[in-house]
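Colleague: the following comprises the amino acid sequence and a computationally predicted model.
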Amino acid sequence: MGKHKPKCRIFARYDDALFLRFATEMIMHGHIILSHGSGSSPDATKVSALAEQAQTWGWNTQRPDFREDDVLGFASSVKPRLHRLRRAIDASPVPPVLVGSSMGAFVSGLVSLDVPVAALFLLATPAVISGYPQPFDLCADVSAWFIHGWRDEVCPYAAVQALAASHRLPLLMLDDDHRMGSSLDVMIAQFRFFLEHLVGAT
């Protein structure tokens with residue numbers, strides 16, 4: 001995967017004449033879709049904290065509920081999660097920023113291969129989901145940041161280090177476990193910097 005750049009359709013829904021208007025709207029009324037992990041909910045600590053902070057910074061946020069999909073099991077939940085997330089993206093007036101935690105990060109990366117998104121902010125990302133044939137991947141042309149815990153007992157850190165290296169993407173390693181419950185303040189600060197960088201680059 002190191003040199004492979006997957007094909008993806010960046011802003012494929014929009015013609016060139018509309019791109020500038022949509023980009024301007026994204027700055028003024030940016031949309032963020034936050035996807036929780038398996039066995040969690042839209043009220044999970046990480047996505048809730050990031051959503052609440054993003055709203056204070058002037059962004060619109062949305063947190064899909066994947067609990068109905070998750071009862072199918074890890075591997076079997078991936079496709080319905082992708083469909084649910086894609087519906088949320090299709091309903092967005094502009095390409096959204098995707099935030100994902102664990103399984104939410106996994107599907108956020110995969111969906112970026114097929115639909116236009118503005119950026120990816122990925123927490124505790126699994127490189128593979130046991131039983132699902134496709135490993136984690138993301139659109140090479142989309143800005144993405146990884147945050148991961150050194151003590152992650154669910155998603156080994158070496159795998160996400162390899163992912164970040166293969167795509168030459170930023171990776172922040174924290175002294176925390178999979179839930180990263182002790183690092184909320186750091187994540188929020190990094191998220192703000194990430195969004196400011198995104199808007200400044202538009």
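Modeller: Done, it's in.

Colleague: mind showing which ranges of the protein have poor pLDDT?
Modeller: Across the chain, the ranges flagged by pLDDT under 70 are 1-29, 202.

Colleague: what about the strands in it?
Modeller: 31-35, 60-62, 97-101, 119-123, 143-149, 171-174 (DSSP state E).

Colleague: quick one: contacts of the third one?
Modeller: Going back to what we said before, that points to strand 97-101. 30-37, 40, 44, 46-47, 50, 59, 85, 89, 106-109, 111-112, 117-125, 191, 195, 198 (C-beta atoms under 8 Å, 6 or more residues apart in numbering). For glycine as for every other residue, the C-beta is placed from the backbone atoms N, C-alpha and C.

Colleague: in helices, which of those appear?
Modeller: 46-47, 50, 85, 89, 106-109, 111, 191, 195, 198 (DSSP state H).

Colleague: closest to residue 161 out of these?
Modeller: Using C-beta to C-beta, residue 109 comes nearest to residue 161 of the ones in helices among the contacts of strand 97-101, at 15.5 Å.

Colleague: residue contacts, the closest one?
Modeller: Residue 109 sits in contact with 100, 120, 122, 125, 136-138, 144, where contact means C-beta under 8 Å, 6+ apart.

Colleague: next: residue 85.
Modeller: Per C-beta under 8 Å, 6+ apart, neighbours of residue 85: 33, 35, 64, 98, 107-108, 111.
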